[in-house]
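[1] Any chance you can model this:
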Amino acid sequence: MTAAENVCYTLINVPNDSEPPSEISLKADLEKGEIKSKTEALKKVIIMILNGEKLPGLLMTIIRFVLPLQDHTIKKLLLVFWEIVPKTTPDGKLLQEMILVCDAYRKDLQHPNEFIRGSTLRFLCKLKESELLEPLMPAIRACLEHRHSYVRRNAVLAIYTIYRNFENLIPDAPELIHDFLVNEKDASCKRNAFMMLIHADQDRALDYLSTCIDQVHTFGDILQLVIVELIYKVCHANPSERARFIRCIYNLLQSSSPAVKYEAAGTLVTLSSAPTAVKAAAQCYIDLIIKESDNNVKLIVLDRLVELKEHPTHERVLQDLVMDILRVLATPDLEVRKKTLQLALDLVSSRNVEELVIVLKKEVIKTNNVTEHEDTDKYRQLLVRTLHSCSVRFPDMAANVIPVLMEFLSDTNEAAAADVLEFVREAIQRFDSLRPLIIEKMLEVFHAIKTVKIYRGALWILGEYCSTKDDIQSVMTEVRRSLGEIPIVENEIKRESGEVKTEEEVSVAPAQKLVTEMGTYVTQSALSSSRPSKKEEDRPPLRGFLMDGDFYVAASLATTLTKVALRYVTIVQDKKKQNSFIAESMLIMVTVLHLGKSSLPKKPITDDDVERISLCLKVLSECSPLMNDIFNKECRKSLSHMLTVRLEEEKLSQKKESEKRNVTVQADDPISFMQLTAKNEMTSKEDQFQLSLLAAMGNTQRKEAADPLASKLNKVTQLTGFSDPVYAEAYVHVNQYDIVLDVLVVNQTSDTLQNCTLELATLGDLKLVEKPSPLTLAPHDFANIKANVKVASTENGIIFGNIVYDVSGAASDRNCVVLSDIHIDIMDYIQPASCTDAEFRQMWAEFEWENKVTVNTNITDLNEYLQHILGSTNMKCLTPEKALSGFCGFMAANLYARSIFGEDALANVSIEKPIHLGPDAPVTGHIRIRAKSQGMALSLGDKINLSQKKTSV
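    Numbers count the residues shown, from 1 in each chain. Prediction:
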């Protein structure tokens, strides 16, 4: 029986605080109570039976006093009761009382109320006793002609399950249902009937479909879905039938139902790899993404497009649809936009890159003044990164992109501006022809930059790449403009004492001139001091940063001035001009140093920054050729080397990806000829419907290790000793959000064990879904008990419990065997992941839980220890291999992983090799783990502690 044919289950909510009632009180309620009390009593009986209680004394009471009642709630509860109650004696014979029940259900199948008829038919789907069903067959057949569709569709389901389980009871079911299908008008009834024919008699289903294949587009969506499934299965088993049905699938792409369109597109791609079919399916997916409002649906369908792209022959077809894919960017959800941009970037080629860049530029401009959505800044950042990647891959596009992006350097969102800056730095280094354009735009926006980090980067770019006399003069002008009047200390003291200017005067005249020209307006000092909050706004940007105590930008400014001054000396031959420029540069540095040493800034200058500025002053005073080389050539060489290494890494990762995607065929692989293939071998591909159903049920067939038995045995935990009366062991199967414990229980005694119950409890963020049912074990018999445990978050958990049982014929109390604890490993939920350095630093700053683990190992090599930690924690090393290569006695690396629940885990490994202790000394150091939740940080730390030492083989 396939997964599609399994019956569904009824979920019953059990209140935790209720006390189990006695059998006598239940009997009294069922016999003499009102309808309401009988209903409550029946609910309690159902819950008690589900929990393993045997209540044989109540069976006749319920038949006598509850079964004749006509109340709908009671009838519904009785259906559940008859489903779960034991219907046979211990030797397997049907209970005599069930004849009375059977007669009651025969009457219900002829009841005038359609709800009672329909729900009774649904109940009959779950019956497994043919003796009970046989007398009901004429009544079930009669329900196929009932006036109400609810009764008819449930009658079809009842006939289907009876035919599948007990074919002898209704051998003509396929013929009966085929005739019913031809004359039926209701969509739900037709769907159920067609579904039965697919599974019971596929040829009849095909005959019916052939007669109405031109009307398929007029059918209801539920029937269309089943038709898609049938076509898929038929073509999957018999590929020669494809031509007959593929036109029908094409028509279903135009269906009004999104579900039908989605299934039809997926089926079309599996049936045909022709470019027209792939294009039609992809177009259908894109329309679905745009029209569906649910973001989850959009992400699922986007994943299907990504899967299509992975196929080498389909990729070229999708490249023509890039502009259609970009229509999805109209969705406000960031996750959808992120996936769309990534897909578009993967599909971009020289044919469509120009159009892509135009669309992205429009999107960037749209985000410029939009602040109503909280994700606008992140979206802008994504667009900048996408344009960056396009420009690197297609250098011709850089000239169009740079002017638009340079505007964002003055943006208040530092993250987007930093991405633009990184792009500009790479572009100016790689594309010599674009340098004049970039320098010109950089000088235009320089005064408008609002964040200090971006200011530092812009200073560095200007200092490194300004090579003409005019550009160098412009840089100096911009620096003076953003620094204000110098010397700074005297100017600031005058401002504080009120000798400088009023607020009105600030608005009409430049700040530099006000001091000299209007210093005599001392009488207006009260006016200027009445609004002191305005003072900080009056300051030019660079002076504002310095007054806030950020002198790192001063060190960057000193380096920039030194570079441009040394370059100015080589360009301009006039000694007087040379000396004048160097003197101006030195004056700026000295005044900044003076400001740092004074008490005016919020924080004093650091020793490092003093040292850097002093070094720059010394270099300018000596102007030696060696220093000129270091400042103006070596810096650029370092950047060039870094960009080359990064490009190599990107190419390597792309090569690995393409190698994964390329389908390699070995020279000695057998060639399969369809005409010569046996029918049972023809299913070369997996059945997609079956696979998706298994995935939904959590039974995904994962690829096991080379030896599947060995990998399964690794997960078996022994729960009791070999000398215990009951031996138990559990196979722990971890699905995505739950754990299935398959417990083998062996009776090692010569007695019959009754009410053998597995009692489990959990510690940590685990929850037992249901209580396992009790068993009766014959002497030396064994049984398997399954228990489901729900997992809510990533942290170590413990499952513990015992097995209790009664010995048949013994008068003693219940016996108990305590089980060993089952430890749930956090590693089953953690998967390696990657993120950018900026994202890593941001998360590191945000996460509040830190766990510091001291390295305690017997491994003597740094690299070997790092690999050992990566292997035992499932984390990915973000630090590039080239940064870790070589040996210098110490190592620092960043690790990152993400759990299946979307929780991030960060780790920083700082280790060293104590050389003074000899070559055999073990590695020492610390590992700092950070996570959003305490459980994640602690569990990961415990895992590292347990696996630090390398076990000797």
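
[2] what about Gln754, which helix or strand?
    Element membership for Gln754 (DSSP states H and E) is strand 753-763.

[3] in that strand, what counts as buried?
    753-754, 756-758, 760, 762 (16 or more other Cβ atoms under 10 Å). The C-beta positions use only the backbone N, C-alpha and C, and glycine is treated the same way.

[4] What of stretch 280-294?
    Neighbour counts over stretch 280-294 (16+ other Cβ under 10 Å) mark 280-282, 284-289, 292 as buried.

[5] which one of the buried residues of strand 753-763 is nearest Leu561?
    Using Cβ to Cβ, Thr762 is the member of these that lies nearest Leu561, at 65.9 Å.

[6] My understanding was that the closest one contacts Ala787; is that so?
    No: in this structure Thr762 lies outside contact range of Ala787 using Cβ atoms under 8 Å: 10.3 Å.

[7] intersection of neighbour lists for these two?
    Leu768 (Cβ atoms under 8 Å, 6 or more residues apart in numbering).

[8] before we move on, the earlier item: what's the closest of the buried residues of strand 753-763 to Ser621?
    Nearest to Ser621, judged by Cβ to Cβ, of these is Thr762 at 73.5 Å.

[9] so what strands line up beside the strand holding Gln754?
    Its sheet considered, strand 753-763 pairs with strand 775-777 (antiparallel), strand 797-807 (antiparallel) by DSSP bridges.

[10] And for the shortest one, what's in contact with it?
    By Cβ under 8 Å, 6+ apart, the list of residues contacting strand 775-777 from outside reads 726, 745, 747, 752-757, 783, 785, 805.

[11] same question, stretch 607-616
    551-552, 554-555, 558-559, 561-562, 589, 592-593, 596.

[12] Would you mark the buried spots in it?
    Buried residues in stretch 607-616 (16+ other Cβ under 10 Å): 609-610, 612-613, 616.

[13] same check, this time on stretch 898-918
    898-899, 903-909, 911, 913.

[14] Likewise for stretch 454-461?
    Those would be 454-461, for stretch 454-461 by 16+ other Cβ under 10 Å.

[15] now do stretch 737-745
    In terms of neighbour count (16+ other Cβ under 10 Å), stretch 737-745 has its buried residues at 739-741, 743, 745.

[16] ditto for stretch 402-419
    402, 404-411, 413, 415-419.

[17] Thr914 contacts Asp920, doesn't it?
    For the record, residue 914 is Pro, not Thr. No: assessed by Cβ under 8 Å, Pro914 is found out of contact with Asp920, at 10.8 Å.

[18] Make CSV from the buried residues of stretch 898-918 and add distance to Ala427, secondary structure and pLDDT to it.
    Output for the buried residues of stretch 898-918, formatted as CSV (distance: Cβ to Cβ, whole Å; DSSP: H, G, I helix; E, B strand; the rest coil; pLDDT from 0 to 100):
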residue, distance to Ala427, secondary structure, pLDDT
Arg898, 32, strand, 87
Ser899, 38, strand, 83
Glu903, 37, coil, 83
Asp904, 32, strand, 87
Ala905, 35, strand, 89
Leu906, 31, strand, 92
Ala907, 34, strand, 92
Asn908, 32, strand, 92
Val909, 34, strand, 91
Ile911, 38, strand, 89
Lys913, 41, coil, 85
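
[19] Need the contact partners of the helix or strand containing Ile116.
    Take DSSP H and E as the rule and Ile116 turns out to sit in helix 114-124. Contact with helix 114-124 is made by 72, 75-76, 79, 82-83, 105, 108-111, 133, 136, 140, 143, 146, 148, 150-151, 153-155, 157-158, 161-162, as judged by Cβ under 8 Å, 6+ apart.

[20] So which elements touch the following helix or strand past it?
    Following helix 114-124 in sequence order, the next helix or strand is helix 130-133 (DSSP H and E). Here helix 130-133 touches helix 98-108, going by 3 or more Cβ pairs under 8 Å, 6 or more residues apart in numbering; DSSP states H and E.

[21] Now do the helix it packs on: everything it contacts.
    Under the criterion Cβ under 8 Å, 6+ apart, residues 63, 67-68, 75, 82, 87, 116-117, 120, 123-124, 129, 132, 135-136, 139 lie in contact with helix 98-108.

[22] Could you rerun that using 6 Å?
    Residues from elsewhere that reach helix 98-108, judged by Cβ atoms under 6 Å, 6 or more residues apart in numbering: 63, 67, 87, 116, 120, 132, 135-136, 139.

[23] Just the buried ones from those?
    Applying 16+ other Cβ under 10 Å to the contacts of helix 98-108 flags 63, 67, 87, 116, 120, 132, 136, 139 as buried.

[24] pLDDT at the fourth one, what is it?
    At Ile116, the pLDDT value in this model is 88.

[25] And the buried residues of strand 753-763, which is closest to Asp837?
    Thr762 (39.1 Å).

[26] Leaving aside the residues adjacent along the chain, what's closest to that closest one?
    Ile799 (5.4 Å; Cβ to Cβ, 6 or more residues apart in numbering).

[27] same check, this time on Ser391
    That would be Ala398: by Cβ to Cβ, 6+ apart, it lies 4.2 Å from Ser391.

[28] now swap in Asn856 and tell me
    Leaving aside its sequence neighbours, Asn856 sits nearest to Gln948 (Cβ to Cβ, 6+ apart; 5.7 Å).

[29] how many neighbours does that neighbour have?
    21 (other Cβ atoms under 10 Å).

[30] repeat for Lys633
    By the criterion of other Cβ under 10 Å, Lys633 has 10 neighbours.

[31] from memory the residue nearest to Asn856 sits against Thr857, does it?
    Yes: judged on Cβ atoms under 6 Å, Gln948 makes contact with Thr857 at a distance of 4.5 Å.

[32] Name all residues that sit in contact with those two at the same time.
    Common neighbours of Gln948 and Thr857 (Cβ under 6 Å, 6+ apart) do not exist.

[33] Low-confidence regions, the stretch 701-850 of the chain specifically.
    Counting by pLDDT under 70, the ranges of the stretch 701-850 of the chain that qualify are 701-712, 736, 793-794, 809-812.

[34] Tell me where it has strands.
    Along the stretch 701-850 of the chain, the stretches classed as strands by DSSP state E, counting those that start in this stretch are 716-718, 726-734, 738-747, 753-763, 766-768, 775-777, 782-791, 797-807, 815-818, 822-824, 830-832, 849-854.

[35] Report the separation between the closest residue to Ala415 other than its chain neighbours and Asp419.
    Among residues not flanking Ala415 along the chain, Gln381 sits closest, at 5.2 Å (Cβ to Cβ, 6+ apart). Applying Cβ to Cβ, to the nearest Å, the value for Gln381 to Asp419 is 6 Å.

[36] Likewise for Ser433?
    From Ser433 to Asp419 the distance is 23 Å (Cβ to Cβ).

[37] And the pLDDT at Met697?
    Looking at Met697, its pLDDT reads 51.

[38] Can you show me the helices along the stretch 801-950 of the chain?
    Listed in chain order, the helices of the stretch 801-950 of the chain (DSSP state H, counting those that start in this stretch) span residues 837-846, 862-873, 881-884, 934-947.

[39] Tell me which two of the buried residues of stretch 898-918 sit farthest apart.
    Once Cβ to Cβ is applied, those give Glu903 and Lys913 as the farthest pair, at 33.1 Å.
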